[in-house]
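[1] quick check, what structure comes out for this input:
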Amino acid sequence: MFAIDAEALALIARAAEGSVRDALSLLDQAIAYGAGAAIGIDSVRMMLGVADRTRVIDLFEEVMKGDIAAALVNLKDQIHQGRTLATCSSSLPNSCISSRA
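    Below you'll find the model as predicted:
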């Protein structure tokens with residue numbers, strides 16, 4: 001038996017892109033990655049290598065304000081947490097859309 005956060009489960013579903021087989025595989029990976037602990041959104045983000053949406057929106061806002069120093073610190077922190085520059089930059093367009101809604 002295992003416990004999983006609803007947000008973590010939703011992230012796994014999005015990452016599976018409609019494939020039940022992929023979703024089950026990702027869920028198995030999350031269970032193994034969690035080593036018996038409750039599975040949370042942060043551990044699934046780390047497992048998938050995806051950026052934290054809040055941090056990406058902050059990055060977008062910092063860039064739009066022209067606060068390049070804060071944006072670089074934000075980006076450096078995300079990279080130190082295991083995200084790649086490609087992951088962070090590919091998340092920016094979605095943040096632009098969602099921050100306008």
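[2] right, and Arg45 touches Ile12 too?
    No: in this structure Arg45 lies outside contact range of Ile12 using Cβ atoms under 8 Å: 10.6 Å. The C-beta positions use only the backbone N, C-alpha and C, and glycine is treated the same way.
[3] got the phi/psi numbers for Ile4?
    In terms of degrees, to the nearest 10, the main-chain angles of Ile4 are phi -140, psi 140.
[4] give me the neighbour count for the closest residue in space to it that isn't next to it in sequence.
    Nearest residue to Ile4 in three dimensions, chain neighbours excluded: Ile39, at 4.2 Å (Cβ to Cβ, 6 or more residues apart in numbering). Neighbour count of Ile39, defined by other Cβ atoms under 10 Å: 21.
[5] check the one 5 residues further on too.
    When neighbours are counted by other Cβ under 10 Å, Val44 registers 25.
[6] pLDDT on the strand or helix carrying it, on average?
    Assessed by DSSP states H and E, Val44 sits inside helix 41-48. Helix 41-48 carries an average pLDDT of 82.
[7] next one: that helix to chain centre, how far?
    Centroid displacement of helix 41-48 relative to its chain, using Cα atoms, centre = their mean, to the nearest Å, is 7 Å.
[8] contacting residues around it?
    With contact meaning Cβ atoms under 8 Å, 6 or more residues apart in numbering, helix 41-48 is reached by 5, 7-8, 11-12, 15, 26, 29-30, 33-34, 37, 51-52, 81-82.
[9] swap the cut-off to 10 Å and go again
    With contact meaning Cβ atoms under 10 Å, 6 or more residues apart in numbering, helix 41-48 is reached by 4-12, 14-15, 26-27, 29-30, 32-35, 37, 39-40, 50-53, 81-83, 87.
[10] which stretches of this structure form helices?
    Using DSSP state H, the helices of the chain run over 6-16, 20-34, 41-48, 53-65, 68-80, 85-100.
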